[in-house]
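**Q** can't give you the sequence, but here's the structure:
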C-alpha cells in the first residue's frame, strides 16, 4: 500500500511540475503576444507617406516594416559571422583578397629586383 501511495504522489508531483512548467511557457507566450500587439499598434499608428504624399495602407506599412527588419537582421547576421570567423581564426573573404593583392605586389617587386640583378650581372 505504501509503494502505491508513493508512486501516486510521485506521479502527482511530476504532473504538477509539468503543469507549472506549461503555465510558465504560456505566460511567456502571452507576454510576447502582448509585445507583438503593441508593436503592431505602433506600426499602424505611425504615418508613412509614399512618393505621391499619400499615407500608406496597413499592408504596405507591414511590408515596409518587414523590409526594415530584414535589413537589420542581415546586418546583425553579418556582424555575427565576422565575429565567428575571427573567433575561430578563419580568414574572411576580404582578408583573402587583401593578402592576394599584397602577394601580387610582392611578386612584381621580386620581378623588378631580379631584372635589376640580371642587369648588374651583365
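**A** Thanks, I have the structure now. Not measured: the values here are computed from a predicted model. Numbering: from 1, shown residues only.
**Q** all strands for this protein, in order.
**A** Remark: strands of the chain are absent; assignment by DSSP state E.
**Q** Can you read off the pLDDT for the spatially most central residue of it?
**A** Central residue of the chain (C-alpha atoms, centre = their mean): residue 77, 3.4 Å from the mean position. We have a pLDDT of 89 for residue 77.
**Q** quick one: contacts for it?
**A** When the contact criterion is C-beta atoms under 8 Å, 6 or more residues apart in numbering, residue 77 has no partners at all. C-beta coordinates here come from the backbone N, C-alpha and C atoms, glycine included.
**Q** how near is it to residue 114?
**A** For residue 77, the distance to residue 114 (C-beta to C-beta, to the nearest Å) stands at 46 Å.
**Q** For stretch 87-99, buried residues please.
**A** Of all the residues in stretch 87-99, not one is buried under the rule 16 or more other C-beta atoms under 10 Å.
**Q** which residues are contacting it?
**A** Residues outside stretch 87-99 that contact it (C-beta under 8 Å, 6+ apart): 82, 85-86.
**Q** Where neighbours are concerned, which of those residues has the most?
**A** residue 85 (14 neighbours; other C-beta atoms under 10 Å).
**Q** how much space between that one and residue 97?
**A** On the measure of C-beta to C-beta, residue 85 and residue 97 end up 14 Å apart.
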